[in-house]
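A.B. asks: Quick one, fold the following:
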Amino acid sequence: MPPQTGVTKDNVLILVDGVIFVQVTDPHRASYNVENYQEAIINLAQTTMRSEIGKLTLDETFEKRDEINQKVIATISEESKFWGIELLRYEVRDIEPPDKILASMTLQAEAERSKRAEILASEGTKQSDINIAQSMRQAQILEAEGHREKQVIIAEAQGEAFRMIEEELDSE
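C.D. replies: Numbers count the residues shown, from 1 in each chain. Here you go, the predicted structure:
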């Protein structure tokens, strides 16, 4: 199917082309029920595709190719039965926005990647700060526990020394 223009819901003019696979199931109908079945199918596919693109925003046209394909197939399949034609497959092949829009989309994608990179970097810094704070806290806790144990040992030693002195005095 030759490239054609379509206007999206957000008023962006895009160039779209597609591929149609058909099979003649009834040569008599294909010859007599329609003047030129190939041209008729292409025209129907083009108008249906333009109609479907007009219901979507530019971003959605890239995301919803399968939906566009299915709607074109459904429309053509219904009409082409009378012509003795079976639609085997339809695919949107290419969607080309204008150069300015494409440049804007590229800048937007770069900005989004940069934003994600900054977020990841800040999350990494945050996690690093948390880890440092937790290790400092743990070090302070261990130091305090060590100091407490030292005091206990000193107190026990002094208590033992007093007991020994007391025992010596009692034995005299």
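A.B. asks: Quick one: low-confidence residue ranges for this structure.
C.D. replies: Using pLDDT under 70 as the threshold, the predicted model of the chain has low-confidence ranges 172.
A.B. asks: and residue 95, that one's in a strand?
C.D. replies: Yes - following the definition DSSP: H, G, I helix; E, B strand; the rest coil, residue 95 is counted among the residues of a strand.
A.B. asks: What's opposite it in the beta bridge?
C.D. replies: Using DSSP bridges, the bridge partners assigned to residue 95 are residue 16.
A.B. asks: any idea how far it lies from residue 137?
C.D. replies: Residue 95 sits 55 Å away from residue 137, going by Cβ to Cβ, to the nearest Å. The C-beta positions use only the backbone N, C-alpha and C, and glycine is treated the same way.
A.B. asks: Looking at those two, which is more packed in?
C.D. replies: For residue 95 versus residue 137, the count of surrounding residues by other Cβ atoms under 10 Å is larger for residue 95: 18 against 10.
A.B. asks: check contacts around the more buried one.
C.D. replies: The neighbours of residue 95, taking Cβ atoms under 8 Å, 6 or more residues apart in numbering as the test, are 14, 15, 16, 61, 62, 65.
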